[in-house]
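Visitor: Sequence and predicted structure below; questions after.
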Amino acid sequence: MSNIKSELSELVAKKVGIPADKAKLAVDVVLNFLKEKLPPTMAGQVDAVLAGNVDLSDGIGLDDAAGLLGGLLGGKK
């Protein structure tokens with residue numbers, strides 16, 4: 001599992017209060033769903049981030065990514 005997926009799974013487990021194995025499964029389900037619904041180029045970008053092929057050292061963190069994702073899914077802007 002990539003470092004990003006591990007961090008995200010840990011965050012889900014902690015915030016929701018579920019076991020780590022269940023959090024990993026939830027993260028996998030959501031990521032697969034998103035990749036199916038996104039345009040192919042964006043789905044490829046998700047894979048690139050998860051594979052560690054994107055430099056995230058510019059300060060974007062999981063909270064920032066969650067905000068961006070919420071915007072994509074029609075959340076608060």
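Guide: The structure has been received and is ready for your questions.

Visitor: so N53 is in which element?
Guide: N53 belongs to no helix or strand when assigned by DSSP states H and E.

Visitor: State the distance from it to D47.
Guide: Separation of N53 from D47 (C-beta to C-beta, to the nearest Å): 8 Å. Backbone N, C-alpha and C define where each C-beta goes, glycine included.

Visitor: Please, where are all the helices along the chain?
Guide: Secondary structure of the chain by DSSP state H: the helices cover 3-16, 20-37, 40-50, 62-72.

Visitor: I'd like the mean pLDDT over the first one, please.
Guide: Along helix 3-16, the predicted confidence averages to a pLDDT of 90.

Visitor: Quick check: chain neighbours aside, which residue is closest to V16?
Guide: A23 (7.0 Å; C-beta to C-beta, 6 or more residues apart in numbering).

Visitor: V12: neighbour count?
Guide: 19 (other C-beta atoms under 10 Å).

Visitor: so it makes contact with P19?
Guide: No - look at V12 against P19 with C-beta atoms under 8 Å: they stay out of range, at 10.6 Å.

Visitor: Pull the contacting residues for A48.
Guide: By C-beta atoms under 8 Å, 6 or more residues apart in numbering, A48 lies in contact with V54.

Visitor: Tell me the confidence at P39?
Guide: Confidence score, pLDDT, at P39: 88.

Visitor: now it: how far from A23?
Guide: From P39 to A23 the distance is 27 Å (C-beta to C-beta).

Visitor: ok, now S6?
Guide: Counting by C-beta to C-beta - S6 and A23 are separated by 10 Å.

Visitor: who has more neighbours, those two?
Guide: Set S6 next to A23 and count neighbours by other C-beta under 10 Å: A23 wins out with 20 against 13.

Visitor: is it true that the more buried one touches E10?
Guide: Yes - using C-beta under 8 Å, A23 is in contact with E10, at 7.3 Å.

Visitor: Show me the shaky parts of this structure.
Guide: 1-2, 55-77 (pLDDT under 70).
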